[in-house]
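Student: Sequence and predicted structure below; questions after.
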Amino acid sequence: MRLIPRSLYGRLLVASAVVTAIALVFAAFAIGAVLQRFVMQGMDQRLDAQIAVLAAAVRPDGSVDRSRIITLPATDRHQRGGGWWIETRGQLVLGSLPQSAIADLADATSRPLPPRARHDRDEPEEMDAARPLPFDGRIGSHLYHGRRLSIATNGGAVTITAVAPRDIAERPIRAAMTPLLGSLALLGLALALATLVQLRIGLRPLGRLRESLAAVRAGEATAVPADQPSELAPLAHELNALLAENEAALANARGHVANLAHGLKTPLATLALGLREEGRDPDGALAAEVGRIDRSIRHHLGRARADASGGAVRRRTLLAPAVDGVAGALARIHADRAIAFASDVPANLALAIDPQDLDELLGNLLDNGWRWATSRIALTARADATTGRARIAIEDDGPGIPAEDRAEALRPGRRLDERGAGHGFGLSIARELVELSGGTLALDAPPGGGLAAIVTLPLAGASREG
């Protein structure tokens, strides 16, 4: 299982989701802490106000003026279970809570104040003795928060304590956190949707660049558009430079191929004519060697063209005109044979292959059919939009090739029947051209007998709509 997605979209989405989740959790804790501090400060202020009123009832000798306490508001009515008490020299003098509750909370008041409690307050350290100090305690299963003030009198220290249930503070915090968490959840959902929209908009140029490259590969364009976002503009420039270099290399290779073909054609033809003179080659051995040289040259020239076309930009080439041109030329070349040729090719069927490669491919396959057909050759082509490929079938009614020998027939220089003209390289060159163009070539037997050459080639983009 991959923790990091393979796609850029997935990586950015996961990173955004993780960062957003961390930010929302941090915001929830931070807001909750601020809210708790605010509510607790309000509770401390109310408890300090009550302690201030009770402190006013303490006389200088340490006694308590009860008459002044009577004027206090009912603490338990306002604070729902809160209370207070006054101690002199550790002895309870007066209180609004049961003695058992006071005894439980007294243990908390007698413990040293935690350092955090001191630093939470705004007053300086030296004022601790003049200001109430916080503490927390428990009565049964209920938590209480209190404030404690120690007053020095002539009769000894007087301690005034006021407490209130912590639920008073926690209840509004919980009530506030529920809608807060809901709001944060909605905010997280909104951020997730915004991230999805942002990623789709931000990564859309990559999709358009991929489509542009697909159009170049299909022969619909020769370069990707240079009008790209600033981050992709250098990549588009490098791609166009690479395509231009491949095109130049293809033209250069084809020029060398043509020069070599013309340079060797005339000397070989002259040598072959000379060997036909009486007495020059009595047993035909030299003519056989010349034929072998000619076959080897033709084969390697075909390989050179096929290899060069594999690294170039594929053109968009209509199939029907190529079939008509090649078939017309072969019909004149083999005019001595009464072969009927029929083709069924959609007029708008276009292939992603170079025109010269398509002509050579059709020439090799149709020439093979014209040599071996008894009376007819049929070429049919159909496009499959779902696979993006075209299927071309060239069938003849000749003797055919046994199934066990068809793979051998596609090997360079291999001829299963040495009778008649031919060099044994046509099928192998056709196969190499097809494969380098992204297609396949297979030999089969049609229902009526003979041989069928089945070619699949990539469709050019425009033809997929037809």
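Tutor: Noted; the coordinates are in hand.

Student: Run through the strands of the stretch 251-400 of the chain in chain order.
Tutor: 316-318, 340-344, 350-352, 376-384, 389-396 (DSSP state E, counting those that start in this stretch).

Student: winner for burial among these?
Tutor: strand 350-352 (a mean of 27; mean count of other CB atoms under 10 Å). Placement of C-beta: from N, CA and C, glycine included.

Student: For the strands of the stretch 251-400 of the chain, please prepare TSV with the additional fields mean pLDDT and distance to Arg68.
Tutor: Shown next, in TSV, are these (pLDDT from 0 to 100; distance: least, CB to CB, whole Å):
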stretch	mean pLDDT	distance to Arg68
strand 316-318	89	103
strand 340-344	95	116
strand 350-352	91	102
strand 376-384	95	101
strand 389-396	94	102
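
Student: Can I get those in TSV including distance to Ala27?
Tutor: Formatted as TSV, the strands of the stretch 251-400 of the chain follow (distance: least, CB to CB, whole Å):
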stretch	distance to Ala27
strand 316-318	56
strand 340-344	70
strand 350-352	54
strand 376-384	55
strand 389-396	55
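
Student: For Ala442, find the nearest of those.
Tutor: Among these, strand 389-396 comes nearest to Ala442, with 10.1 Å by CB to CB.

Student: by contact count, what packs against that closest one?
Tutor: Where contact means 3 or more CB pairs under 8 Å, 6 or more residues apart in numbering; DSSP states H and E, strand 389-396 is packed against helix 355-372, strand 376-384, strand 451-458.

Student: contacts for it?
Tutor: 319, 349, 351, 365-366, 369, 372-374, 376-384, 439, 446, 450-459, 463 (CB atoms under 8 Å, 6 or more residues apart in numbering).

Student: Name every strand pairing with it and say which way it goes.
Tutor: Counting by DSSP bridges, the strands paired with strand 389-396 are strand 376-384 (antiparallel), strand 451-458 (antiparallel).

Student: Distance to Pro267 for these - can I get that in JSON lines?
Tutor: Output for these, formatted as JSON lines (distance: least, CB to CB, whole Å):
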{"stretch": "strand 376-384", "distance to Pro267": "35"}
{"stretch": "strand 451-458", "distance to Pro267": "33"}
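
Student: List just the one of the ones you listed that sits closest to Ile401.
Tutor: Nearest to Ile401, of all the strands paired with strand 389-396, is strand 451-458, at 5.7 Å by CB to CB.

Student: just to revisit the earlier point, of all the strands paired with strand 389-396, which lies closest to Leu427?
Tutor: strand 451-458 (8.0 Å).

Student: Tell me the secondary structure of the closest residue to Arg66 other than its chain neighbours, please.
Tutor: Leaving out its chain neighbours, the residue that sits closest to Arg66 by CB to CB, 6 or more residues apart in numbering is Leu94, at 6.9 Å. Following DSSP: H, G, I helix; E, B strand; the rest coil, the label given to Leu94 is strand.

Student: Who is Leu94 paired with across the strands?
Tutor: Note on Leu94: beta-bridge partners by DSSP bridges are Ile86.

Student: What's the local residue count around it?
Tutor: The local packing of Leu94 (other CB atoms under 10 Å) involves 15 other residues.

Student: Can we start the residue count at 785 from this point?
Tutor: Got it, first residue is 785 now, which makes that one Leu878.

Student: is it true that it touches Gly867?
Tutor: No - judged on CB atoms under 8 Å, Leu878 makes no contact with Gly867 at a distance of 11.2 Å.

Student: quick one, what contacts Asp888?
Tutor: Gly921, Arg922, Ile923, Gly924.

Student: which parts of stretch 1229-1245 are buried?
Tutor: Of all the residues in stretch 1229-1245, those buried under the rule 16 or more other CB atoms under 10 Å are Gly1234, Leu1235, Ala1236, Ala1237, Val1239, Thr1240, Leu1241, Pro1242, Leu1243, Ala1244, Gly1245.
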